[in-house]
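Asks: Quick one, structure for this:
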Amino acid sequence: MNQLLKKLRLESGKTQKEIAEILGYSSKSGYSMLENGNVELTISKAKVLSNFYRIDPKIFFEK
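Replies: Predicted coordinates for the structure are as follows:
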C-alpha cells in the first residue's frame, strides 16, 4: 500500500508536504511515515485520499 501512496502522489505532481496538508497533518513527517509503511492508513484518511485522487478507497486495503 505504501508504494501505491507514493505512486499516486508522484503521478499527481504533489509533494509529501502537500499531501500531508490535505490529510490534516501539521508537517510532512506524519505523511512520510504513512508512505514509508511505518503507520497504518486509517479508513478516514483513505476516504480523503480517494476523494483527492478520484479513486475507490478499497484500493488502499487490497492485498
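Asks: CA atoms for contacts and neighbours, from now on please.
Replies: Will do.
Asks: Please look at Glu40 and Leu34 and confirm they touch.
Replies: Yes. In this structure, Glu40 is within contact of Leu34 by C-alpha atoms under 8 Å, at 6.4 Å.
Asks: quick one, which of those two is more surrounded?
Replies: A direct count of neighbours by other C-alpha atoms under 10 Å for Glu40 and Leu34 places Leu34 higher, at 19 against 13.
Asks: Read off the pLDDT value for the more buried one.
Replies: Per-residue confidence (pLDDT) for Leu34: 94.
Asks: Secondary structure element holding it?
Replies: helix 28-35 (DSSP states H and E).
Asks: Neighbours of Ile59, how many?
Replies: Ile59 - counted by other C-alpha under 10 Å - has 12 other residues nearby.
Asks: measure it to Lys28 for me?
Replies: Going from Ile59 to Lys28 by C-alpha to C-alpha, to the nearest Å gives 23 Å.
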